[in-house]
Structure formats: C-alpha cells, structure tokens
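Asks: Fold the stuff below for me.
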Amino acid sequence: MSYTIVTIEDDLLIAEDLKLKLKELGYSVLGNSTTCEEAIQLLQKVTPDLLIVDIMIEGEKDGIETVTEIQKQLLCPVIFLTANSESATVKRALATHPAAFLIKPFKISEFSINIDLAIRNFKQRYPTAPASTVSDAIFIPDKFLYHRVCKSEILFVEADGSYVRVVTTDKKYQITTNLKGFEAQFKHPAFYRVSRKHLVNLSKVNQINGNVLYLKNGKEEYRISISQPQRAEILSRFEIIRTKG
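Replies: Numbering: from 1, shown residues only. Okay, the predicted model is just below:
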C-alpha cells in the first residue's frame, strides 16, 4: 500500500527535494503548501495519511500554529521537520502531539522508518476513525432526527448513568450510551478524558485552579475536576508559562 502525504514547506527547493525523496521511498505526495492558509485549502480537497511540516515556515502562523489550526478539522499524524531543537520550540510542538521530530539534516533511512511508524501507530490508535473519514462535526440522534453538531462547539461530554450529556456552546444533548461508548465513536485531538465522568474540549478551558478546569460559556461557567493521577499529563497539553521561584 502506498501511503499519501501532504508537505508544508515554504522553501520550494526543499519542498521539491522532499517530494522526490518521498517518491523514491514509494510514497505518494498529494501536494505542498507554503502557508497555513494554503494548507487549510489543500486539506479541504485531499485527505492524506500523514502531514510532514517544517516548523519554521514563513507567514502569520508557523508550522506549529498551522498544525493546531489543521487539527480543528482533521485528525492526522504529523511529523515535524526542524533545524531548531530549542526546548521552548519543542515544548510548543509537543502540545500538538506529533508522531515524530526530525532534526535537519536527517538520513533518508531514518525518514522512512519514522513515516511508517507514525502512520501504523496512528491507525492502531484510531482504528474506527482513519484520517479519510474524519469530519469537523458529528450527528447526534434525537428520536428520528440527527442533529449536526460541530466538534469545535462542544465544551465537554459528561457521563450520567446510562446516558451522556453533550454540552455545546448553545445547547445540551442527551444520548443513550455510556461515556466509554461515546468516546469510542468520537475522535478529536482537542478532547481528553480528564476523569471517569468527563471528556473535555481542552481548547475551551479558560482557567485552571489546582485540580479544577473552568470552562465559560457566556454567563454560564462550568467547573470540572480532573483526576489526580492524570493531572500532570493533562497539564502538559497546555502551554503554561512557569514563574521563577
């Protein structure tokens, strides 16, 4: 099987060289983008198995910010290319949960191994939601109807016995399933199971106080406690500025 790849690289000579190397390795390159805007437009037309992204692309958004925008619409493994291994840059990139980092210059054999591992690990982790079937919305059943709900508008999902409550920015839905069953059918990189009862859209969190996440929607504020054993992992998904002392 030939895996498909989209590259995001603003240096066109490097992009062309990358394309030739990938083709030599047996991969199919669906296209290259030089900016965040171009990448979003391209990914509305094609659904690759993998993104290869240069962190230091020019434009309003760098490679890390570009991937963050893409992940609001598409679930897909990412390999970052960088000549910058500074800890601050790496930490920012880790917040997007990339499959791998490759420091320039890299060996072609190393490149091939990382690509195959990234795609295979992704397909094992998300067997019911490959990149080619992911959309920006889900359809929630309500008697004989299905309501379209954008994933980005969901604040959190809460377990309530044999039901789950889906809380969005403008409405609440109740579904006859448990949280484990809902989570198995719903995949999005911004969502995290923070406790036995809650699946939270971390991009909607506007305050953290100890073991409590705060999500505000207009005048309504939600407080969600996080599991102590998972606290460090959950906090690692936010870009938190540390103070001295």
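Asks: Residue for residue, what is the longest helix the protein has?
Replies: In the chain, taking DSSP state H as the definition, the longest helix is helix 108-125.
Asks: Which strands and helices lie in contact with the next helix or strand after that one?
Replies: On the C-terminal side of helix 108-125, the closest following helix or strand by DSSP states H and E is strand 137-142. The helices and strands touching strand 137-142, judged by 3 or more C-beta pairs under 8 Å, 6 or more residues apart in numbering; DSSP states H and E, are strand 145-150, strand 172-175. Bear in mind the C-beta positions are built from the backbone N, C-alpha and C, glycine included.
Asks: chain center to the shortest one, what's the gap?
Replies: So that's strand 172-175. The chain centre lies 24 Å from the centre of strand 172-175; the measure is C-alpha atoms, centre = their mean, to the nearest Å.
Asks: Stretch 157-174 too?
Replies: With C-alpha atoms, centre = their mean as the basis, stretch 157-174 stands 22 Å off its chain's centre.
Asks: can you pull the buried residues of that stretch?
Replies: Neighbour-count burial for stretch 157-174, counted by 16 or more other C-beta atoms under 10 Å, picks out 157-159, 164, 166-168, 173.
Asks: hang on, the earlier thing: kindly reformat the helices and strands packed on strand 137-142 as a markdown table and extend each row with mean pLDDT and distance to residue 136.
Replies: As requested, the helices and strands packed on strand 137-142 are exported to a markdown table (pLDDT from 0 to 100; distance: least, C-beta to C-beta, whole Å):
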| stretch | mean pLDDT | distance to residue 136 |
| --- | --- | --- |
| strand 145-150 | 85 | 6 |
| strand 172-175 | 92 | 17 |
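Asks: Those into CSV, with extra columns for distance to residue 107?
Replies: Below are the helices and strands packed on strand 137-142 laid out as CSV (distance: least, C-beta to C-beta, whole Å):
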stretch, distance to residue 107
strand 145-150, 42
strand 172-175, 49
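Asks: Can you tell me the centre-most residue of this protein?
Replies: Taking C-alpha atoms, centre = their mean, the centroid of the chain lies closest to residue 189, which sits 3.5 Å from it.
Asks: Give the helix, strand or coil label for that one.
Replies: Assigned by DSSP: H, G, I helix; E, B strand; the rest coil, the conformation of residue 189 is coil.
Asks: and the closest residue in space to it that isn't next to it in sequence, what does it touch?
Replies: Nearest residue to residue 189 in three dimensions, chain neighbours excluded: residue 71, at 4.7 Å (C-beta to C-beta, 6 or more residues apart in numbering). Applying C-beta atoms under 8 Å, 6 or more residues apart in numbering, we find residue 71 in contact with 96, 189-190.
Asks: Flag the least confident of those.
Replies: Within these, residue 189 has the lowest pLDDT, namely 81.
Asks: Tell me how far it lies from residue 242.
Replies: Going from residue 189 to residue 242 by C-beta to C-beta, to the nearest Å gives 24 Å.
Asks: Please apply the same query to residue 25.
Replies: Per C-beta to C-beta, residue 25 is found 41 Å from residue 242.
Asks: Please say which of these two ends up with more neighbours.
Replies: Using other C-beta atoms under 10 Å, the more surrounded residue of residue 25 and residue 242 is residue 25, with 16 against 5.
Asks: Quick one: mark the members of the buried residues of stretch 157-174 that sit in strands.
Replies: Among these, DSSP state E puts 157-159, 164, 166-168, 173 in strands.
Asks: Straight-line length of stretch 224-231, end to end?
Replies: Start-to-end span of stretch 224-231 (C-alpha to C-alpha, to the nearest Å) is 12 Å.
Asks: Break the protein down into its domains, please.
Replies: As given by automatic domain parsing, the domain ranges for the chain are 4-133, 137-235.
Asks: Among those, pick out the one with the most neighbours on average.
Replies: The highest mean neighbour count among the domains of the chain, using mean count of other C-beta atoms under 10 Å, belongs to domain 4-133: a mean of 17.
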